[in-house]
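>>> Give me coordinates for this.
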Amino acid sequence: MLKKERHDSIMRQINLHNRVLTSDLVQLLSVSEDTIRRDLQELAERDQLYKVHGGALSKSYQSSFDDSTVYAKDAKIIIAKKAISLIKDGMVILTGGGTTIIEMVKQLPENLHATFFTISPFVAIELANYPRVEVILIGGLFSKNSQVTYGGHVINQLSEINPDLCLLGTSALHPDDGLTDTDWEINQLKKTMLNCSKKTAVLCISEKLGISLRLKVAPITNIQYLITELPANDPQLDDYQIKSLQIL
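Numbering: from 1, shown residues only. Prediction:
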């Protein structure tokens with residue numbers, strides 16, 4: 001594989017999942033760890049990603065204030081507008097982090113009256129713009145890679161709430177393997193968020209469909225809503241058409 005092809009593959013993984021591990025790229029591209037490290041260094045020097053210990057992070061994942069580098073922004077705006085149809089006055093809502101969730105928050109009605117729990121400081125900051133929204137940031141250890149709080153203290157706090165709706169972004173969604181992730185701590189966090197909520201909506205650009213990562217979060221039968229930028233009857237969604245899942 002040529003260097004440009006490797007770089008294109010790395011950036012696709014970064015754009016889809018917001019973060020990548022060097023070990024995963026070694027396996028995916030069948031090259032040495034030194035080669036991947038050099039590739040990540042070159043891409044970082046070209047200001048295309050952030051190189052961190054053990055991998056790299058997306059540029060768009062580091063701040064909610066600059067959305068010029070958000071991948072698939074048009075698709076995420078469509079998803080955000082669909083997700084808002086689920087949110088009603090008086091609801092208690094739990095959110096994860098990520099650029100799709102942040103875009104959803106930016107699209108909320110100005111006069112919305114609701115309570116939001118979130119594990120994302122960036123999401124909390126965006127929610128603070130709404131005068132009738134109560135914002136509760138669940139504190140704990142802070143993941144520099146995923147930009148959310150995590151750990152036993154966060155999980156204990158989540159177990160004490162019962163939100164009407166959980167809004168989650170995802171790294172991958174497969175019809176057989178369900179929701180999956182690559183980070184053990186985030187995996188445990190998402191499991192708790194799903195289990196404590198009355199209903200869960202997964203916000204997912206179509207490029208993440210059909211992908212399965214190493215750690216299982218939940219089967220699709222544990223999700224009530226799937227929201228993509230595609231029409232609900234799009235052939236790409238045929239494998240997700242099950243009785244318990246409403247596709248928006």
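>>> Can you classify the nearest residue to Glu207 once chain neighbours are set aside by secondary structure?
Spatial nearest neighbour of Glu207, chain neighbours left out: Leu16 (5.8 Å); criterion: CB to CB, 6 or more residues apart in numbering. For the C-beta atoms, the positions are set from N, CA and C on the backbone; glycine is no exception. The three-state assignment at Leu16 reads helix, by DSSP: H, G, I helix; E, B strand; the rest coil.
>>> so Leu16 makes contact with Gly210?
No: at 11.6 Å, Leu16 does not count as touching Gly210 under the criterion of CB atoms under 8 Å.
>>> Stretch 80-91 - what's its average pLDDT?
Across stretch 80-91, the average pLDDT comes to 95.
>>> Look up phi and psi at the most centrally placed residue in the chain.
The centroid of the chain falls nearest to Gly169 when counting by CA atoms, centre = their mean (3.0 Å). When quoted as degrees, to the nearest 10, the phi and psi of Gly169 stand at phi -80, psi 170.
>>> and what of Asn145?
Torsion angles, degrees, to the nearest 10, at Asn145: phi -80, psi -50.
>>> who's in contact with it?
19, 52, 55, 57, 183 (CB atoms under 8 Å, 6 or more residues apart in numbering).
>>> Most neighbours among the residues you listed, which one is it?
Arg19 (25 neighbours; other CB atoms under 10 Å).
>>> picking up where we left off before, what's the closest non-adjacent residue to the residue nearest to the centre of the chain?
Gly98 (3.7 Å).
>>> Could you report the distance from Pro219 to Gly152?
25 Å (CB to CB, to the nearest Å).
>>> Rounded mean pLDDT for stretch 149-160, please.
92.
>>> for it, which positions count as buried?
Within stretch 149-160, the residues scored as buried using 16 or more other CB atoms under 10 Å are 149-150, 154-155, 157-158.
>>> Which members of those residues are positioned in helices?
Under the assignment DSSP state H, those contribute 154-155, 157-158 to helices.
>>> Name the residues that touch stretch 225-232?
Contacts with stretch 225-232, where a contact means CB under 8 Å, 6+ apart, come from 72, 74-76, 78-79, 82-83, 86, 173, 199-206, 209, 220, 234, 236-237, 240, 245-248.
>>> bridging residues for Ala172?
Thr180 (DSSP bridges).
>>> Now do the contacts for it.
17, 179-181, 208, 211-213.
>>> Equivalent analysis for Ile77, please.
103, 107.
>>> okay, it: pLDDT?
For Ile77, pLDDT reads 92.
>>> Domain map for this structure?
3-57, 68-247 (automatic domain parsing).
>>> Worst mean pLDDT among these?
Looking at these, the weakest mean confidence is domain 3-57, a mean of 85.
>>> ok now that domain, how far from the chain's centre?
19 Å (CA atoms, centre = their mean, to the nearest Å).
>>> swap in stretch 218-226?
With CA atoms, centre = their mean, you get 15 Å for stretch 218-226.
>>> what do you get for stretch 83-97?
16 Å.
>>> Contacts for that stretch next, please.
101, 104-105, 107-109, 112-120, 122-123, 146-148, 158, 161-169, 190, 193, 196-197, 201, 203, 225, 227, 248.
>>> Likewise for stretch 39-55?
Against stretch 39-55 from outside (CB under 8 Å, 6+ apart): 3, 6-7, 10-11, 14, 19-25, 56-59, 62, 144-145.
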